[in-house]
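Trainee: sequence and computational prediction follow.
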Amino acid sequence: MTEKNTDVRVFSASDFFRENESVYIHRSNEFSKYIGIMHKHEFIEIVYVVSGKAKHIIDGREYFVKSGDISVINRMEEHCFCADNENGEVFSTYDLMFTPDFLNDTLLDSEDFSTLSKSFLFYSLFPDENGYIKRLNLIENCNFEFGSIFDKLYKEYKSCRTGYINLMRVYTAELIIKLFRKIESSETTKLSGSQKEIVNSVIEYIKVNYNINIRMEDISQKMFFNKNYIGKIFKQETGMPVSEFIREIRMNEICRQLVDTNNKVSDIASSCGYNDTKTFYTAFKKHTGLTPKEYRDKQRRA
């Protein structure tokens, strides 16, 4: 972990932005003197690595970036890129900078940006109702699709043709939406430790209570979590809905009793939570492909 330097330069919008504008973009070779210099700024910056490699130090954290990677630097995050000049390839980036007001109310109120806000990609723009901050400073392997957006942004900014600011706003919106899609598609499917504890508690509850009618509402009250949330993380961890897991537990016990005991089929079904004969026979046939009697006879002959 790199210690923070309390004596760093702070850039304001006026250091880069044209008068009355809230967006700016350059190639890093146009300001090479800032590479390797710790600084922070009063605007959001999105950096796309065109070529080469570097170590990116941001708020004391170190990331190693390469061609095709995108770094997100929020307002007042202390950072610098330290180029790796030993690999024979020049470190070069696009640096897109903008202030929150650049993404106007029309964009922020659109459906895509409403969804995007849940990713907390830019906490300067999208804090949640509790002020929670989740930093996401590195999005890897963005490559050509994203590079082409930066190309368009850069050309529009340099050309200053009629409507270029509006086009840059559209391209920035496209960039952020596609970043969100990439993050969404590559998010890890692993649950947190606390989520796994919830799933394990649900499993234990089912194993103990499989012989009674289990409803998601009952599980929800027991776990003190929303039933839809429980269902989502349960399927994510086990690969099956809660209802299917309950059926699996019941059927495994029924199959065991059919082989190990001489109990009546109806009694076995009732002891495992099936009080309706028709429902039980349908579920059992679907699970095993056999009737209970056929299953018992087959297993005992084996």
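Mentor: Received the coordinates, thanks. Numbering: from 1, shown residues only.
Trainee: pLDDT-wise, which helix or strand of this structure ranks last?
Mentor: Least confident helix or strand, the chain: helix 111-116 with a mean of 44, by mean pLDDT, DSSP states H and E.
Trainee: which SSE is immediately downstream of that one?
Mentor: Toward the C-terminal end, the helix or strand that comes next after helix 111-116 (DSSP states H and E) is strand 138-139.
Trainee: which other helices and strands does that next one contact?
Mentor: Here strand 138-139 touches strand 70-73, helix 164-186, going by 3 or more Cβ pairs under 8 Å, 6 or more residues apart in numbering; DSSP states H and E. The way it works is simple: take the backbone N, C-alpha and C, and place the C-beta from them, glycine included.
Trainee: of all those, which one comes closest to residue 139?
Mentor: Nearest to residue 139, of all these, is strand 70-73, at 4.6 Å by Cβ to Cβ.
Trainee: what residues of the helix or strand containing residue 297 count as buried?
Mentor: Following DSSP H and E, one finds residue 297 within helix 292-301. By 16 or more other Cβ atoms under 10 Å, the buried positions in helix 292-301 come out as 292, 295, 296.
Trainee: quick revisit: lowest average confidence across the helices and strands packed on strand 138-139, which one?
Mentor: Comparing mean pLDDT across these, the weakest is helix 164-186, with a mean of 84.
Trainee: flag every buried residue along whatever helix or strand comes next after it.
Mentor: Next in sequence after helix 164-186, counting helices and strands by DSSP H and E, comes helix 193-209. Across helix 193-209, burial judged by 16+ other Cβ under 10 Å covers 195, 198, 199, 202, 203, 206, 209.
Trainee: ok, so of the residues you listed, who is nearest residue 216?
Mentor: Taking Cβ to Cβ as the measure, residue 216 lies nearest residue 202 of the buried residues of helix 193-209, at 9.9 Å.
Trainee: distance of that closest one from residue 250?
Mentor: Residue 202 sits 15 Å away from residue 250, taking Cβ to Cβ, to the nearest Å as the criterion.
Trainee: repeat for residue 80
Mentor: 60 Å.
Trainee: likewise residue 291?
Mentor: Distance from residue 291 to residue 250, by Cβ to Cβ: 16 Å.
Trainee: please say which of those two ends up with more neighbours.
Mentor: Counted by other Cβ atoms under 10 Å, residue 291 and residue 250 do not tie: residue 250 has more neighbours, with 23 against 13.
Trainee: now do the contacts for the closest residue to that one other than its chain neighbours.
Mentor: Residue nearest to residue 250 in three dimensions, not counting chain neighbours: residue 272, with 4.6 Å by Cβ to Cβ, 6 or more residues apart in numbering. Contact analysis of residue 272 by Cβ atoms under 8 Å, 6 or more residues apart in numbering lists 210, 211, 250, 253, 254, 257.
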